[in-house]
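# Show me how the following folds:
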Amino acid sequence: MARWFNISGPCKQAKHYMLAPTVRLPNLSRFIQQESYFVIHAPRQTGKTTAMLALAKQLTESGNYTAALVSVELGAPFSHDLARAEITILDSWQGSAKIDLPKDLQPPLNWDTAQPGRKIQGALQAWAQASKRPLVLFIDEIDSLRDETLISILRQLRDGYRGRPTNFPISVGLIGLRDVRDYKVASGVSETVAGVGFRPGKLLNPKGDRLNTASPFNIKDRSLTMRDFNAAEVAQLYQQHTSDTGQVFTEEASQLAYDLTQGQPWLVNALAKEIVEELVTDTSVAITVEHINQAKEILISRKDTHLDSLAERLTETRVKAIIEPMLAGTELGNVPNDDIQFVIDLGLCKMNPQGGMVIANQIYREVLPRVLTVTL
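Next comes the predicted model:
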């Protein structure tokens, strides 16, 4: 079956051109062996879900662990209705486990008997106790949750932590766009409502829109990120298309694709997809620099989902306060280090090896001014 360049959802080896899914992750085996809890954060559409699905599969197939990737995204609409969020999330996890795990490793059917506010903890406790192997859990889309629901689930993970390895997952990874300190909470969330057990002043920033501390998840050993492709990996990805179809990406075209994208995975795939499916469908025609530039202009003018999502990021005051002066070539001024790290975590900017911070890639440098003009 013909493969294609994927720009939506997790990659599958049989259908998509893709690199080894875990090659761009930090080596997580040490953290899992040491029964660590950790955070992995990276911008959208960089391959986090694909990589964590692959890692969970590898760990399970090793025979040493029961490992699963689950998501809390379906609980996102219930940020102020914890009981409903817990039921929805656990039902989603049960469904995922049925797809990804053999029957004898799936969670028990009666695993959600705890009281609201402790259902996640109780379910994971029941699953860990029922599993014949140590349980490893990767929780995707964690920062889609907000407010009381987010705080409660972080608190339940922290409270259950001491029960590992036999009464709770030995290792948990929180997977999301942001590091834990930037998870969003509303200004009305207090220690009484959330049951967090520390002062609201430590929980919320002055605007009350995000965590300024990892306290609800202070059991984490490390916050890690997932890197973009390097130039050699872009060439390797494009070579897969050549191997399948005979259509060549010239060396200069592959290099330009990297230069324009700096290896951002969605952009790398989107450029190639536009070219091979729309611009140059004759596989006897080599793909050149001119085709890469043409595809770049089409992506920018069309504002596909990935590029259009930049507008949402730029509505945040602290993001705009950094991006606007950077594009204008003026000094940033007194910008908090957390805000600088935040725009880096979002993938909008990166640190220049020669010093200072720059927009992450040339395509973003062309898109962001247009987005800012609309959002001002």
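# Now do the helices in the stretch 101-250 of the chain.
Secondary structure of the stretch 101-250 of the chain by DSSP state H, counting those that start in this stretch: the helices cover 119-130, 147-160, 191-194, 200-203, 231-245.
# can you list the ones you listed in CSV and add mean neighbour count?
For glycine as for every other residue, the C-beta is placed from the backbone atoms N, C-alpha and C. As requested, the helices of the stretch 101-250 of the chain are exported to CSV (neighbours: other Cβ atoms under 10 Å):
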stretch, mean neighbour count
helix 119-130, 21
helix 147-160, 23
helix 191-194, 15
helix 200-203, 15
helix 231-245, 17
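# Any regions of the stretch 201-350 of the chain where pLDDT drops low?
Where the stretch 201-350 of the chain drops to pLDDT under 70, the residues are 201-216, 305, 311.
# if you set the cut-off to 90 instead, what comes out?
The model of the stretch 201-350 of the chain has pLDDT under 90 over residues 201-225, 300-318, 320-321, 324, 327-342, 344-347.
# Show me this protein divided up by domain.
Following automatic domain parsing, one finds the domains of the chain at 29-225, 231-302, 306-375.
# How far away from the center of its chain is the first one?
Translated: domain 29-225. Here the centre of mass of C-alpha atoms in domain 29-225, compared against the chain's by Cα atoms, centre = their mean, to the nearest Å, lies 14 Å away.
# Equivalent analysis for the last one, please.
Here the centre of mass of C-alpha atoms in domain 306-375, compared against the chain's by Cα atoms, centre = their mean, lies 19 Å away.
# now for the helix or strand hosting Ile344, which elements pack on it?
Element membership for Ile344, per DSSP states H and E: helix 337-345. Applying 3 or more Cβ pairs under 8 Å, 6 or more residues apart in numbering; DSSP states H and E, one finds that helix 337-345 makes contact with helix 317-328, strand 349-351.
# closest one to His16 among the ones you listed?
The minimum distance between His16 and the helices and strands packed on helix 337-345 falls on strand 349-351, with 26.1 Å, by Cβ to Cβ.
# Which residues does the helix holding Ile344 contact?
41-43, 177-179, 181-182, 212, 225, 318-319, 321-323, 349-351, 357 (Cβ atoms under 8 Å, 6 or more residues apart in numbering).
# pLDDT below threshold where in the stretch 51-200 of the chain?
Low-confidence segments of the stretch 51-200 of the chain, defined by pLDDT under 90, are located at 143, 147, 177-200.
# redo that, cut-off 50
With pLDDT under 50 as the threshold, the stretch 51-200 of the chain has low-confidence stretches at 187-200.
# what ranges do the strands span in it?
In chain order, the stretch 51-200 of the chain shows strands spanning 66-71, 135-140, 171-176, with DSSP state E, counting those that start in this stretch as the criterion.
# With distance to Lys98 and mean neighbour count added, can I get those in TSV?
Written out in TSV, the entries for the strands of the stretch 51-200 of the chain read as follows (distance: least, Cβ to Cβ, whole Å; neighbours: other Cβ atoms under 10 Å):
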stretch	distance to Lys98	mean neighbour count
strand 66-71	11	24
strand 135-140	16	24
strand 171-176	20	24
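# Among those strands, which comes closest to Ala253?
With Cβ to Cβ as the measure, strand 171-176 is the member of these nearest Ala253 (33.1 Å).
# packing partners for the closest one?
With 3+ Cβ pairs under 8 Å, 6+ apart as the test, strand 171-176 has strand 37-41, helix 48-61, strand 135-140 packed against it.
# tell me the angle of it relative to helix 119-130?
140 degrees (axes from the mean of the first three to the mean of the last three Cα atoms, to 10 degrees).
# Can you tell me the closest non-neighbouring residue to Ile323?
Of all residues beyond its chain neighbours, the one nearest Ile323 is Leu368 (6.0 Å), with distances taken as Cβ to Cβ, 6 or more residues apart in numbering.
# Please list all residues in contact with the one you found.
Leu368 is in contact with 310, 314, 323, 327, 348, 359, counting by Cβ under 8 Å, 6+ apart.
# And for Thr245?
By Cβ under 8 Å, 6+ apart, the contact list for Thr245 reads 2, 276, 283.
# Tell me what angle the strand or helix carrying Val367 forms with helix 317-328.
Counting by DSSP H and E, the element that carries Val367 is helix 362-375. Direction vectors for helix 362-375 and helix 317-328, defined by the same axes, to 10 degrees, enclose an angle of 120 degrees.
# Buried ones in helix 362-375, by neighbour count?
The neighbour-count criterion (16 or more other Cβ atoms under 10 Å) identifies 363-364, 366-368, 371-372 as the buried residues of helix 362-375.
# would JSON lines of those residues with distance to Gln33 and pLDDT be doable?
Supplementary listing: these in JSON lines, determined by distance: Cβ to Cβ, whole Å; pLDDT from 0 to 100:
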{"residue": "Ile363", "distance to Gln33": "39", "pLDDT": "93"}
{"residue": "Tyr364", "distance to Gln33": "38", "pLDDT": "91"}
{"residue": "Glu366", "distance to Gln33": "45", "pLDDT": "89"}
{"residue": "Val367", "distance to Gln33": "42", "pLDDT": "87"}
{"residue": "Leu368", "distance to Gln33": "42", "pLDDT": "86"}
{"residue": "Val371", "distance to Gln33": "44", "pLDDT": "75"}
{"residue": "Leu372", "distance to Gln33": "46", "pLDDT": "75"}
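# Contacts only, for the closest residue to Ile175 other than its chain neighbours.
Closest residue to Ile175 in three dimensions, ignoring its sequence neighbours and counting by Cβ to Cβ, 6+ apart: Asp140, at 4.6 Å. Contacts were defined as Cβ under 8 Å, 6+ apart; by that measure Asp140 touches 48-49, 52, 69-73, 175-176.
# What is the nearest of the residues you listed to Ile120?
Among these, and counting by Cβ to Cβ, the member closest to Ile120 is Val72, at 8.9 Å.
# Now do the same contact list for that closest one.
If you count contacts by Cβ under 8 Å, 6+ apart, Val72 has them with 89, 92, 139-142, 144-145, 153.
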